[in-house]
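In: this is a predicted model, with the sequence first.
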Amino acid sequence: MSAVAAFQAARQDGSGLDGTAADIPARMLTAYKRAATLIGRESPRCSGMRWPVLAGIAKIESNHAAGRSVSAAGDVRPRILGPRLDGSGAGGNTTAFPDSDRGRWDGDAAFERAVGPFQFLPSTWAGSGRDGNGDGRRDPHNADDAALGAAVYLCEGGRDLGNRGELEAALYAYNRSRSYVADVLSWIDQYTPAPAGASPVGSAAGKVRTVLRAALAQRGLPYSWGGGTADGPSTGSCCSPSGRSGERIRGFDCSGLTTYAFAQVGIPLPRTADAQAGVGRRIPAAAGLGALRPGDLVFFGYLPGSDASIHHVGIYLGNGRLINAPRPGTVVRIDPVNSMPGYAGGARLL
């Protein structure tokens, strides 16, 4: 079963999707859980470390060592090597990182490469690397060692990773990109089990509950530019402003997801986010997030508060969160509303 199919099969009604680890290979999951247990020994002042935190990072960094074999001892082969960081622009890097390990971990004696399932720079590994499997070695190409090293790095300074703000700060230190932090947080939330008896739709009832469940049941499906109809996911079209095509990707873009969810209660929506802003009762951005209710459409524009620049839409879930198909390269997921730039208010259809 594919990862997408596993997500879909987990809960078709949208409840209890939190906590699925269907896309994580068993040996990698063992490494994450082991590191979360051992971190107390390495960083006694750190609190709040959980295996989903490590899984969220590894999902983004290497897709859980996808395409590699992981031995019983945790060794990942073939080794995972990032682009050569010579400042040429490969992999988006424009800053040169001279070699720090004589090529020991990355096979390059001139410049650095990120290594292993957690994509450490050898210079960073020199300080954060740990022996996670008790074999006497510290190897960034070993799943147990790398996971424990990542935990140590995140725990620097005795952080409380149970505090969302401190967790975000730790992730930003790991990779200084706000979009990276948002992506990792989304996967952490995806992997975190919901409290017993809890439901992502909360106390929502009637048509609102139906809309939320319909959207939540799509979590894990890929973003596809132009993808999604009132009947469900579909291949998309070419091309997004960044040049990404959805022609070979079956999934949803932002307005395709809202179109599908509201079709389940008999409400047709126009296809684009800016057109959807003209449906229902508008909730101005100036009213703040407190004016939103679960099931409302949530809009974002290039100019905050300006309807004329709206380019993105999601569905408000409550507690400052929305069900979202953010952008190419991501999946349908739950995000904080304030993680998206240019909040432009909402619309109430129900």
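Out: All right, it came through fine. Residues are numbered from 1 along each chain as shown.

In: from here on, contacts and neighbour counts on C-alpha atoms
Out: Fine.

In: all the helices of the stretch 201-350 of the chain, residue numbers only.
Out: Counting by DSSP state H, counting those that start in this stretch, the stretch 201-350 of the chain has helices at residues 206-216, 254-263, 273-276.

In: and the contacts of the shortest one?
Out: Under the criterion CA atoms under 8 Å, 6 or more residues apart in numbering, residues Cys254, Ser255, Leu269, Pro270, Phe299, Asp307, Ala308, Ser309, Ile310, His311, His312, Val313 lie in contact with helix 273-276.

In: same list (the helices of the stretch 201-350 of the chain) but as CSV, adding mean pLDDT and mean neighbour count.
Out: Output for those, formatted as CSV (pLDDT from 0 to 100; neighbours: other CA atoms under 10 Å):
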stretch, mean pLDDT, mean neighbour count
helix 206-216, 95, 22
helix 254-263, 98, 27
helix 273-276, 96, 20
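
In: who touches Tyr153 in this structure?
Out: With contact taken as CA under 8 Å, 6+ apart, Tyr153 is in contact with Ser128, Tyr174.

In: could you give the mean pLDDT of the lengthiest strand in the chain?
Out: As far as residue count goes, and with DSSP state E defining each element, the longest strand of the chain is strand 310-318. If you average the pLDDT over strand 310-318, you get 95.

In: that strand vs helix 254-263, what angle?
Out: Using axes from the mean of the first three to the mean of the last three CA atoms, to 10 degrees, the direction of strand 310-318 lies 50 degrees away from that of helix 254-263.

In: angle of strand 310-318 against helix 206-216?
Out: Using the same axes, to 10 degrees: strand 310-318 against helix 206-216 is 110 degrees.

In: hang on, the earlier thing: now the helices of the stretch 201-350 of the chain as CSV including distance to Phe97?
Out: CSV is the format used below for these (distance: least, CA to CA, whole Å):
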stretch, distance to Phe97
helix 206-216, 42
helix 254-263, 38
helix 273-276, 42
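
In: which one of the ones you listed lies closest to Arg130?
Out: Closest to Arg130 of the helices of the stretch 201-350 of the chain, according to CA to CA: helix 206-216, at 38.2 Å.

In: who's in contact with that closest one?
Out: Applying CA under 8 Å, 6+ apart, the set of residues contacting helix 206-216 from outside is 13-15, 201, 257-258, 260-262, 264-265, 294-295, 315, 317, 323, 333, 350.

In: so where is the stretch 101-250 of the chain shaky, pLDDT-wise?
Out: Segments of the stretch 101-250 of the chain classed as low confidence (criterion: pLDDT under 70) are 194-200, 202.

In: tell me which stretches of it form strands.
Out: Defined through DSSP state E, counting those that start in this stretch, the strands belonging to the stretch 101-250 of the chain, from first to last, are 234-235, 250-251.

In: likewise for the stretch 251-350 of the chain?
Out: Ranges of strands within the stretch 251-350 of the chain are 281-283, 297-301, 310-318, 321-324, 333-336, 343-348, based on DSSP E, counting those that start in this stretch.

In: by contact count, what packs against the second one?
Out: Spelled out, that is strand 297-301. Helices and strands touching strand 297-301, as assessed by 3 or more CA pairs under 8 Å, 6 or more residues apart in numbering; DSSP states H and E, comprise strand 310-318, strand 343-348.
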